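> Using only what follows, build the 3D model:
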Amino acid sequence: MSLINCPECNREISNTSKKCIHCGYVLRKKKSKKVFAVLIVSLMILTIVGLLVKRFCLPSSPYHTLFKIMECRSPEKVKNILGEDFENNDLGDGYVYNTYRNIQIDGLDCIYFTIKYKNDKCTGIDCDIDNMDEAAKDSFFEALVDQFGDIHSYKEEKYLDIESEHYGWKNDNLFSVDVNHSTKDKEGIYFIQIYVVWS
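Numbering: from 1, shown residues only. Purely as a prediction, here's the structure:
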């Protein structure tokens, strides 16, 4: 034990005293570096736990399989997801199209789903989705924006009794989505076409 001077009355007191025995001045101790280190480590642990909860516990997009394929450039990974039941069309010069017909992906009715390759490298996909009502269409587009960001381009077209809306995204993949709707169809059933082109 050593003696220090009270900051208030300047009389000698023990360095272990919590307050001055002469004038009652409350001595403030310096915060321990250990407390600060524990606080920093605790914040780091909470941040990591939060990221893990977000990654593994929160619900992912209802179209996660389709979006995974849209971002996938490996022929083998696509086959692992969709299986081997496809038509193989070898167009020559290294161009190959694998077409799946009448399959379901994430509950969507895909009339056909074509993966395009050049020299065993994915170059793009074409997908036609049938029988999507307006609520499902809106949900699908919300999920597209959540996954790929804001729409880059938009165009409306009409041919005979078919109304088409063309949406484009520009990111690591260049892709577009066309929404086709017959004006004769009063029930609001949409036909969606997805085109992805990889550079």
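> Just give me the neighbour total for residue 138.
12 (other CB atoms under 10 Å). In short, each C-beta sits where N, CA and C put it, glycine included.
> Dead centre of this protein: give me the residue that sits there.
In the chain, the centroid-proximal residue (CA atoms, centre = their mean) is residue 147; its distance is 4.6 Å.
> Please report how far that residue lies from residue 40.
35 Å (CB to CB, to the nearest Å).
> same thing with residue 68?
For residue 68 relative to residue 40 (CB to CB), the value is 37 Å.
> more neighbours, those two?
Neighbour count, other CB under 10 Å: between residue 68 and residue 40, residue 68 has more, with 17 against 10.
> Surely that one is in a helix?
Yes: looking at residue 68 with DSSP: H, G, I helix; E, B strand; the rest coil, it is inside a helix.
> Now for it: which residues touch it?
Taking CB atoms under 8 Å, 6 or more residues apart in numbering, we find residue 68 in contact with residue 81.
> Spell out the residue ranges of the helices in the protein.
Along the chain, the segments classed as helices by DSSP state H run 33-56, 64-70, 75-82, 134-148.
> Relative to the whole chain's centre, how far out is the third one?
Its chain's C-alpha centre lies 20 Å from the corresponding centre of helix 75-82 when counted by CA atoms, centre = their mean, to the nearest Å.
> Give me the contacts around it.
For helix 75-82, contacts defined as CB under 8 Å, 6+ apart pick out 65, 68-69, 72, 98, 100, 103, 105, 113, 115, 117, 120-122.
> Enumerate the positions of it that are buried.
78, 82 (16 or more other CB atoms under 10 Å).
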